[in-house]
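Colleague: coords please:
(chains A and B)
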Amino acid sequence: GENVEQHPSTLSVQEGDSAVIKCTYSDSASNYFPWYKQELGKGPQLIIDIRSNVGEKKDQRIAVTLNKTAKHFSLHITETQPEDSAVYFCAASFHGSGNTGKLIFGQGTTLQVKP
Amino acid sequence: EAQVTQNPRYLITVTGKKLTVTCSQNMNHEYMSWYRQDPGLGLRQIYYSMNVEVTDKGDVPEGYKVSRKEKRNFPLILESPSPNQTSLYFCASSLFAGELFFGEGSRLTVL
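Modeller: Got it, this is the predicted structure:
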């Protein structure tokens, strides 16, 4: 089955710097890679996702890149702000017509943005 | 407002005392799932349901039961809780293969 490894487990950056969180997956059939943000005391919330037919996707200050050959994908946050402080989870699954695999989550990264 | 509602949010109980964590969604989602979150282990799926009366085991189902009698509700049942079930629990729902919407979590402590 699928296995997702996420690094680092904690990340501390200065406000305005960039933050990068990396994930690797094991199942080459996986084709859907979402990222969730969990603020303190709340449930995770989808912030961006990417499918395997593209290599990069951007939404304002966040971007995700995917390297299918190496089976890894990354979350990039530019110009970090204190409100970016949260736990971030990557995940992977297979989505096909009439068939969807289970979403497997990484271990999570606690991002701290220092003012 | 579209939401997933879990209750209770916090619970302290003792070993062996049966408890139920309720989950309800108002988005007419077919898919519902329970996860537990433990430090260093991320989110691990306990049980999931593709639709009413259809449930299946996730990665860590031991010690848990679920039921899906109505589309909106998906309760998690701990028949005989043990200390290793102390955790933060999340219910989530989605349209089939879509974005997962999570509840705000239920923190359970089993003494």
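
Colleague: now do the residue lying closest to A:Gln6 once chain neighbours are set aside against A:Tyr36, distance only.
Modeller: Nearest non-adjacent residue to A:Gln6, counting by Cβ to Cβ, 6 or more residues apart in numbering or on different chains: A:Gly106, 2.9 Å away. (C-beta placed from N, C-alpha, C; glycine too.) Using Cβ to Cβ, to the nearest Å, A:Gly106 is found at 10 Å from A:Tyr36.

Colleague: now A:Gln14
Modeller: A:Gln14 is 24 Å from A:Tyr36, by Cβ to Cβ.

Colleague: before we move on, back to that, go ahead and confirm the residue nearest to A:Gln6 touches A:Ser9.
Modeller: No. A:Gly106 is not in contact with A:Ser9 according to Cβ atoms under 8 Å; the separation is 9.8 Å.

Colleague: out of these two, which sits in the more crowded spot?
Modeller: A:Gly106 (25 against 14; other Cβ atoms under 10 Å in any protein chain shown).

Colleague: who in chain A is up against chain B?
Modeller: In this structure, chain A approaches chain B at residues A:6, A:9, A:34, A:36, A:41-46, A:49, A:89, A:95, A:100, A:102-103, A:105-108, judged by Cβ under 8 Å from any Cβ of the partner chain.

Colleague: quick one on the thing from earlier: more neighbours: which of A:Gln14 and A:Tyr36?
Modeller: The residue with more neighbours, out of A:Gln14 and A:Tyr36, is A:Tyr36; 26 against 9, by other Cβ under 10 Å.

Colleague: in chain A, what residue is nearest chain B?
Modeller: The minimum distance from chain A to chain B, using Cβ to the nearest Cβ, falls at A:Gly43 (3.1 Å).

Colleague: spatially nearest residue to that residue (excluding sequence neighbours)?
Modeller: In this structure, A:Gly43 finds its nearest non-sequential neighbour in B:Phe102, 3.1 Å apart by Cβ to Cβ, 6+ apart.

Colleague: repeat for A:Ile47
Modeller: Closest residue in space to A:Ile47, ignoring its immediate chain neighbours: A:Lys37 at 4.8 Å, by Cβ to Cβ, 6+ apart.

Colleague: count the residues that sit near that neighbour.
Modeller: A:Lys37 has 19 neighbours, counted by other Cβ under 10 Å.

Colleague: element containing it?
Modeller: strand A:32-38 (DSSP states H and E).

Colleague: which helices and strands does that strand pack with?
Modeller: strand A:45-51, strand A:62-67, strand A:86-92 (3 or more Cβ pairs under 8 Å, 6 or more residues apart in numbering or on different chains; DSSP states H and E).
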